[in-house]
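Chemist: how would this look folded up:
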Amino acid sequence: MSREIEKAAGIPVVQMATIVPIMLTVGANRIVPGVAIPHPIGDPEQGPEGDIKVRRKLINKALEALTTEVSEQTVFKA
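Modeler: This is a model prediction of the structure:
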């Protein structure tokens, strides 16, 4: 679906997911790998401050991916 949004509306889309091979299979253009299935965008095991740092790092990577021109599927590792 993200590929269609980009194609039809010209809006860049980032998919953040823990299972990158699935995102590659469904055709996502910009992929940011998440932490783990129960907590894809955070890591509560690191405590409140550590969790916020992980979240901030992933969100910053997603923003970077949104502003990066891509011509093929690209995985942006945080």
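Chemist: secondary structure class for residue 24?
Modeler: Classification of residue 24 by DSSP: H, G, I helix; E, B strand; the rest coil places it in helix.
Chemist: OK, contacts around it?
Modeler: Neighbouring residues of residue 24 by C-beta atoms under 8 Å, 6 or more residues apart in numbering: 31, 73, 75. In this view, the C-beta of every residue, glycine as well, is placed from N, C-alpha and C.
Chemist: what's the closest of these to residue 6?
Modeler: Set against residue 6, the nearest of those by C-beta to C-beta is residue 73 (11.7 Å).
Chemist: just the element for the residue of the chain most remote from its centre, please.
Modeler: Taking C-alpha atoms, centre = their mean, the residue of the chain most remote from its mean C-alpha position is residue 47, at 22.2 Å. Using DSSP states H and E, residue 47 falls within helix 47-66.
Chemist: what do you get for residue 31?
Modeler: Going by DSSP H and E, residue 31 is in strand 30-33.
Chemist: which elements pack onto that strand?
Modeler: strand 14-17, helix 20-26, helix 47-66, strand 74-75 (3 or more C-beta pairs under 8 Å, 6 or more residues apart in numbering; DSSP states H and E).
Chemist: just those: most buried one?
Modeler: Of all the helices and strands packed on strand 30-33, strand 14-17 has the most neighbours on average by mean count of other C-beta atoms under 10 Å, namely a mean of 20.
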